[in-house]
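Participant: Need coordinates for the following:
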Amino acid sequence: MALITVNHEDISSKFDSNQTVNEVMDRLLGGIIKDSEVITSISINGVELTEAQEGECMPNPVSGFEKIDFTVKSSVELAFEALDSCNSYIDVVITKIQELNVLYTSGEYEKANYLFAEVIEIMDLFVQLMSKIHSTLRTNLKEKFVKTETLQNLEIHLLSVLKGLVPAKEKNDVIMLCDLLEYELIDNLTQWKIKAIPELKKLKEKK
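Facilitator: Purely as a prediction, here's the structure:
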């Protein structure tokens with residue numbers, strides 16, 4: 001019988017050797033771990049599985065392995081991990097916005113239009129990510145979570161800038177587009193980086 005652990009804690013007694021790795025995971029998700037927790041990785045015999053390896057191993061009985069460890073993290077842990085990666089994400093977006101401005105000002109509109117669509121998509125993902133982080137922290141921290149004035153103002157300003165970009169693009173108003181991108185959007189994202197994200201990270205102390 002394999003040693004089955006969750007975050008290195010032995011739970012082997014809850015299973016029998018005929019069960020597959022897939023069945024073990026289903027049991028974990030079905031109530032052994034909390035609803036607010038997520039399985040983030042699976043290691044077999046000390047090696048973390050890739051997605052392809054998971055597909056190969058999951059249908060096999062646990063008796064075929066020596067040790068199976070499931071790494072489980074809470075949704076609030078994942079939210080703080082996402083915050084840790086936000087600064088590099090913002091740096092990438094700002095670089096693309098600067099590239100976009102250069103393309104517009106140099107008249108390379110075909111390339112600019114392609115990159116504009118990419119920037120809008122990335123910004124949409126950023127808005128969704130921050131919304132998910134807020135929701136997760138609010139749910140888990142309850143009264144300890146307070147959305148500060150800085151956060152509220154930056155959210156409102158960001159949505160306002162994004163809303164203004166589309167009509168400017170539709171009217172081919174390059175001057176307005178460049179102003180919004182260079183002076184409004186980059187400034188907003190920079191403020192997220194130096195003010196809002198550090199404020200959210202401080203909430204980790206209240207977890």
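
Participant: all contacts plus neighbour counts: C-alpha atoms, from now on.
Facilitator: Will do.

Participant: Show me the shaky parts of this structure.
Facilitator: For the chain, residues meeting the criterion pLDDT under 70 lie at 1, 206-207.

Participant: Point to the residue nearest the middle of it.
Facilitator: Ala82 (4.8 Å; Cα atoms, centre = their mean).

Participant: List the contacts of stretch 194-207.
Facilitator: Residues outside stretch 194-207 that contact it (Cα atoms under 8 Å, 6 or more residues apart in numbering): Phe80, Leu83, Cys86, Leu141, Lys144, Phe145, Thr150, Leu151, Leu154.

Participant: Looks to me like the last one is in a helix.
Facilitator: Which is Leu154. Yes. Assessed by DSSP: H, G, I helix; E, B strand; the rest coil, Leu154 belongs to a helix.

Participant: Name the nearest residue to it, sequence neighbours excluded.
Facilitator: Asn188 (6.6 Å; Cα to Cα, 6 or more residues apart in numbering).

Participant: What is the burial count for the one you found?
Facilitator: A total of 18 residues lie near Asn188 under the criterion other Cα atoms under 10 Å.

Participant: quick check, it in a helix?
Facilitator: Yes. Assessed with three-state DSSP, Asn188 lies in a helix.

Participant: gap between it and Leu162?
Facilitator: Distance of Asn188 to Leu162, given as Cα to Cα, to the nearest Å: 11 Å.

Participant: And the lengthiest helix in the chain, what does it pack against?
Facilitator: Determined from DSSP state H, the single longest helix within the chain is helix 109-141. If you count contacts as 3 or more Cα pairs under 8 Å, 6 or more residues apart in numbering; DSSP states H and E, helix 109-141 packs onto helix 75-105.

Participant: Can you list the buried residues in the helix it packs on?
Facilitator: 75-80, 83, 86-87, 90, 93-94, 96-97, 100-101, 103-104 (16 or more other Cα atoms under 10 Å).

Participant: With stretch 22-33 instead?
Facilitator: Asn22, Glu23, Val24, Leu28, Ile33.

Participant: Could you dump these into CSV with secondary structure and distance to Lys111 added?
Facilitator: Formatted as CSV, the buried residues of stretch 22-33 follow (DSSP: H, G, I helix; E, B strand; the rest coil; distance: Cα to Cα, whole Å):
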residue, secondary structure, distance to Lys111
Asn22, helix, 46
Glu23, helix, 50
Val24, helix, 50
Leu28, helix, 49
Ile33, coil, 49
